[in-house]
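**Q** Kindly generate the corresponding structure for this input.
(chains A and B)
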Amino acid sequence: MMDEQPKRSSPKQSENGEKGNCVFSPGFRSVAAMAGWDEEALLMASLVVEDTPDRDAKQKRRSDPLFKTPPTNSRRKRRDQRKSPVSLPVAVLDLDEEEVSREEIVEEKKEQKILVDINSKKDEKSKESTSESSSIPCIDRLREELSCAICLEICFEPSTTSCGHSFCKKCLRSAADKCGKKCPKCRQLISNGRSCTINTVLWNTIQLLFPQEIEARKVVGGGGGSKTLQSTDLQSPPARRRSQYRSVVEALNSPEGEQLSLERRRRTVNHHHHNLRQQQSFRPASVVLLNSGAAGDNSVSRRRRRREVVVVAPPEQDEDAALALRLQREEFMGAFGGSEQQGRRNSVATATVNLRAMASRAVGIRNHRSGGGR
Amino acid sequence: MMNSGSLTGGRSWPSRTSLTSSGKRIQKEMAELNTDPPADCSAGPKGDNLYHWVATLFGPQGTPYDGGIYFLDITFPANYPFKPPKVVFKTRIYHCNVDSTGNVSLDILEENSWSPALTISKVLLALRSIFNNPNPYKPQVPGIAHLYLVDRSKHDALAAEWTQRFAK
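**A** Have a look, this model is predicted:
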């Protein structure tokens, strides 16, 4: 690196030059050289770069080898290094007595500072452990104020009574059911309708202040509800789609499904394209099949199947996608073979074979066609 | 078929939540009592059963019960906090609101006066307050209530004697 440095200076200057060498990247130095900067200008620049308020006087620092020592664990030092716009390459140097002692002093100072740092960190941590989520000073008071007197947790979907007291909507409802229609706090009569509305401002505030708690309660409390919802048929589009896929697999696994596949097998090569379209149009029919076919299964295997069926990609009108889907379905049927009832196994196996044959033929046709087309 | 499955799921679910919600609430109260115990009393589960607690009350100064330590049994109903806990004195006490079997007449512990917003620490506070101010107009033991109203000093002497005999 030293060789790259333009050298037209005294040994002392070259020492400083080495310093500059340490502070600036080669790229910077080459640019500086192009700009016509000499050693002194570089030196000045290095001082500017290194200048941090908590250091010693500049004069002393200029020859201070501490700046060239490899990075230590000191946080302060690391911070200083981060401050400088260029990275400091590691330079090995001899330290004479005086510098060592100074370094020790600096090190001591650093240690003290680290201790202070650690203490303050500890304080922060203890504060954090009590107030958990955020740095709001009165978070504990807030937690107390915003918790429901019935379940003693943070109000979940708070509902405010006409007397001004707020509880979880669920808690307030069950309190009204089991303990009479009076406010749990002040025993004033509460009306029916009021206990069902959520205090949105309060609810939003709570969600902002205690996102983790609310999220946890949503998972715990809402999990059961959504689970039961999922098993019914009127849900979100993905769930519906999933059940549709389940139905497709059901249909293919059932004897009727086998019949369909046999029929399809019988179709001629020329009708290949039409065949695929036909298969697409089968889907609604197989949905109908599901309702009868699924009845015999125990819920465990059904659940398992649903989970696996999710992997199936949604169908495209595209021919290729249909082909891929068919192959995937075939794979699934192979996978499900084990979990199926004994009686069905054979039919599934034959269906698998049929499908595989069909798929390979389809591929062959495609190849043939594309070859012929050219 | 599917609907029936979801229905059974729905049927089994609420009972489970209500059970765990009462358990959760009791656990919360326990944690609160541990971190911030009320003056002159303590409470906690007897053993593994979260619904069966033991509590101790210290007789407050300036009353004939001063120096006595009173043990109580607290039993939580399954639908706590919507129904009040049952509190029974295990230590004998000469008090017009506590009978010889330990049953307490305390308005907030009655079913129609109980509020789900009340906690065990509030119940203990109320129990402490009847040491200071017995309620002779709603007595569990009318004889003691009568004596309390007619001859207060004799009542207090008897109560202090019982404290010495049973609660030390």
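**Q** Give the residue spans of chain B that score low on pLDDT.
**A** B:1-19 (pLDDT under 70).
**Q** Please report the distance of the residue positioned nearest the centre of it from B:Ile130.
**A** For chain B, the residue nearest the mean C-alpha position is B:Val87 (3.7 Å; C-alpha atoms, centre = their mean). B:Val87 is 11 Å from B:Ile130, where distance means C-beta to C-beta, to the nearest Å. To be clear about C-beta, it is placed using only N, CA and C from the backbone, and glycine gets the same treatment.
**Q** Could you do A:Leu327 as well?
**A** 79 Å.
**Q** got the contact list for the helix or strand containing the residue nearest to the centre of chain B?
**A** Using DSSP states H and E, B:Val87 sits in strand B:86-89. By C-beta atoms under 8 Å, 6 or more residues apart in numbering or on different chains, the residues outside strand B:86-89 that reach it are B:55, B:70-75, B:77, B:98, B:101-104, B:106, B:109, B:123, B:127.
**Q** and what of stretch A:187-200?
**A** Taking C-beta under 8 Å, 6+ apart as the rule, stretch A:187-200 contacts A:157-163, A:166, A:169, A:172-173, A:176, A:181-183, B:115.
**Q** Test my guess that B:Tyr70 contacts B:Trp162.
**A** No. Applying C-beta atoms under 8 Å as the test, B:Tyr70 and B:Trp162 come out as separate, 10.9 Å apart.
**Q** out of those two, which sits in the more crowded spot?
**A** Legend: neighbour count by other C-beta atoms under 10 Å in any protein chain shown for B:Tyr70 and B:Trp162, higher for B:Tyr70 (25 against 18).
**Q** So what are the sheet partners of the helix or strand containing the more buried one and their directions?
**A** In the assignment (DSSP H and E), B:Tyr70 maps to strand B:69-75. Looking at strand B:69-75 with DSSP bridges, its partner strands are strand B:52-58 (antiparallel), strand B:86-89 (antiparallel).
**Q** would you turn the ones you listed into JSON lines with distance to B:Cys41?
**A** Listed next are the strands paired with strand B:69-75 as JSON lines, based on distance: least, C-beta to C-beta, whole Å:
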{"stretch": "strand B:52-58", "distance to B:Cys41": "5"}
{"stretch": "strand B:86-89", "distance to B:Cys41": "12"}
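**Q** Looking at those, spot the one closest to B:Lys154.
**A** strand B:86-89 (22.0 Å; C-beta to C-beta).
**Q** Distance from that closest one to the middle of the chain?
**A** Distance, stretch centre to chain centre, for strand B:86-89: 5 Å (C-alpha atoms, centre = their mean, to the nearest Å).
**Q** list the buried ones in it?
**A** Neighbour counts over strand B:86-89 (16 or more other C-beta atoms under 10 Å in any protein chain shown) mark B:Val87, B:Phe89 as buried.
**Q** Quick one: name whatever helix or strand follows it.
**A** helix B:120-132.
**Q** Show me which residues of that next one are buried.
**A** B:Ile120, B:Ser121, B:Val123, B:Leu124, B:Leu125, B:Ala126, B:Leu127, B:Arg128, B:Ile130, B:Phe131.
**Q** does B:Trp162 really touch B:Ser100, like I thought?
**A** No. B:Trp162 is beyond contact range of B:Ser100, at 11.2 Å (criterion: C-beta under 8 Å).
**Q** what touches both of the two?
**A** Contacts common to B:Trp162 and B:Ser100, judged by C-beta under 8 Å, 6+ apart, are B:Arg92.
**Q** need the residues of the stretch 51-200 of chain A near chain B, please.
**A** Within reach of chain B by C-beta under 8 Å from any C-beta of the partner chain, the stretch 51-200 of chain A has these residues: A:149-153, A:171, A:174-175, A:178-180, A:184-185, A:187.
**Q** please redo it, this time with the cut-off set to 6 Å
**A** For the stretch 51-200 of chain A, the residues in contact with chain B (C-beta under 6 Å from any C-beta of the partner chain) are A:Ala149, A:Ile150, A:Cys151, A:Leu152, A:Ala175, A:Lys178, A:Cys179, A:Pro184, A:Lys185.
**Q** Now those in CSV, please, with extra columns for secondary structure and distance to A:Glu215.
**A** Output for these, formatted as CSV (DSSP: H, G, I helix; E, B strand; the rest coil; distance: C-beta to C-beta, whole Å):
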residue, secondary structure, distance to A:Glu215
A:Ala149, coil, 22
A:Ile150, coil, 21
A:Cys151, coil, 17
A:Leu152, coil, 19
A:Ala175, helix, 25
A:Lys178, helix, 29
A:Cys179, helix, 30
A:Pro184, coil, 26
A:Lys185, coil, 27
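**Q** Distance from the chain centre to stretch B:94-106, please.
**A** 11 Å.
**Q** what's the answer for stretch B:134-142, then?
**A** Per C-alpha atoms, centre = their mean, the centroid offset for stretch B:134-142 relative to its chain is 17 Å.
**Q** which parts of that stretch are buried?
**A** So for stretch B:134-142, counting by 16+ other C-beta under 10 Å, buried means B:Pro134, B:Asn135, B:Pro136, B:Pro139, B:Gln140, B:Val141.
**Q** Ok, stretch B:87-104 next?
**A** Those would be B:87, B:89, B:91-99, B:102-104, for stretch B:87-104 by 16+ other C-beta under 10 Å.
**Q** and the end-to-end length of that stretch?
**A** Stretch B:87-104 has an end-to-end distance of 7 Å (C-alpha to C-alpha, to the nearest Å).
**Q** How about stretch B:98-116?
**A** First residue to last in stretch B:98-116 (C-alpha to C-alpha) measures 24 Å.
**Q** show me where pLDDT drops low in the stretch 251-374 of chain A?
**A** If you take pLDDT under 70 as the line, the stretch 251-374 of chain A has these spans: A:251-321, A:325, A:330-348, A:369-374.
**Q** which residues touch B:Pro116?
**A** B:Pro116 is in contact with A:Ile150, A:Ala175, A:Pro184, B:Pro81, B:Phe82, counting by C-beta atoms under 6 Å, 6 or more residues apart in numbering or on different chains.
**Q** If we use 10 Å, what do you get?
**A** A:148-151, A:167, A:171-172, A:174-175, A:178-179, A:184-185, B:25, B:79-84 (C-beta atoms under 10 Å, 6 or more residues apart in numbering or on different chains).
**Q** Need the residues touching each of B:Val87 and B:Ile130.
**A** B:Val98, B:Val104, B:Leu106.
**Q** Closest one to chain A out of those, please.
**A** When the shared contacts of B:Val87 and B:Ile130 are ranked by distance to chain A (C-beta to the nearest C-beta), B:Leu106 comes first, at 16.2 Å.
**Q** just checking, what packs against the host helix or strand of A:Ala216?
**A** Using DSSP H and E, A:Ala216 sits within helix A:211-217. In terms of contacts (3 or more C-beta pairs under 10 Å, 6 or more residues apart in numbering or on different chains; DSSP states H and E), helix A:211-217 is packed against helix A:200-209.
**Q** What mean pLDDT does the helix it packs on get?
**A** For helix A:200-209, the mean pLDDT works out to 92.
**Q** List the buried residues for it?
**A** For helix A:200-209, by 16+ other C-beta under 10 Å, it's A:Leu202, A:Trp203, A:Ile206, A:Gln207, A:Leu209.
**Q** returning to that earlier point: check the contacts of stretch A:187-200 for burial and list the buried ones.
**A** A:Glu157, A:Pro158, A:Ser159, A:Thr160, A:Thr161, A:Ser166, A:Lys169, A:Leu172, A:Ala176, A:Lys182, A:Cys183, B:Ser115.
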